[in-house]
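S.K.: Could you work out the structure for the sequence below:
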Amino acid sequence: MRYATKQRSLLLDVLEKHFDETLSAERIAELIGGDSVSRSAIYRNLSSLEADGAVKRVTLPSSQKTGFRYVGTSDCKKHLHLECKRCGRTFHLAIASSNDLIDSVMRDAGFKIDSATTVLNGICEDCSKD
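M.R.: As a prediction, this is how the structure comes out:
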């Protein structure tokens, strides 16, 4: 059983508000604000949330540093994720499109995609306009 600590609540609040971003631990600390949560508490809680399946550890595309993406909602686990290499935002691919792609890969390659953890990298519509 996990205890609902103040640090964990603050961390979850930041992750839920920034569900469409992959955040470094440093950025999470900035968003929480000041010294209200120690870095060790952030890392400890991120590890715990990762073990629970609410957070995915990923490599940030622009820096090769570790980032964390919130996938704590059950709805999130039904979608493939699209991540923009320029702005870093994460988008959910529509469920119908996700299912079509998953079915196509299974049919063509006999490979089952894990929709909760799969991230397709590219450039989002807004960044493509620049």
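
S.K.: Point to the residue nearest the middle of this protein.
M.R.: residue 69 (1.8 Å; CA atoms, centre = their mean).

S.K.: pretty sure that one is in a strand, no?
M.R.: Yes - counting by DSSP: H, G, I helix; E, B strand; the rest coil, residue 69 is found in a strand.

S.K.: check contacts around it.
M.R.: 21-23, 55-56, 58, 81, 90, 119 (CB atoms under 8 Å, 6 or more residues apart in numbering). For the C-beta atoms, the positions are set from N, CA and C on the backbone; glycine is no exception.

S.K.: Let me have these in CSV, extended by secondary structure, pLDDT and neighbour count.
M.R.: Output for the contacts of residue 69, formatted as CSV (DSSP: H, G, I helix; E, B strand; the rest coil; pLDDT from 0 to 100; neighbours: other CB atoms under 10 Å):
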residue, secondary structure, pLDDT, neighbour count
21, strand, 82, 18
22, coil, 83, 23
23, strand, 88, 21
55, strand, 87, 22
56, strand, 84, 20
58, strand, 81, 16
81, strand, 85, 23
90, strand, 81, 22
119, strand, 82, 15
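
S.K.: Of those, just say which sits nearest to residue 42.
M.R.: Nearest to residue 42 among the contacts of residue 69, counting by CB to CB, is residue 23 at 10.4 Å.

S.K.: what helix or strand does residue 117 sit in?
M.R.: Using DSSP states H and E, residue 117 is not contained in any helix or strand.

S.K.: can you pull the contacts of the residue nearest to it when sequence neighbours are not counted?
M.R.: Nearest non-adjacent residue to residue 117, counting by CB to CB, 6 or more residues apart in numbering: residue 56, 6.0 Å away. Shown here is residue 56, whose contacts under the criterion CB under 8 Å, 6+ apart are 50, 68-69, 71, 116-117.

S.K.: Could you check how far the strand or helix carrying residue 28 is from the centre of its chain?
M.R.: Following DSSP H and E, one finds residue 28 within helix 25-32. Mean-position distance between helix 25-32 and its chain equals 15 Å (CA atoms, centre = their mean, to the nearest Å).
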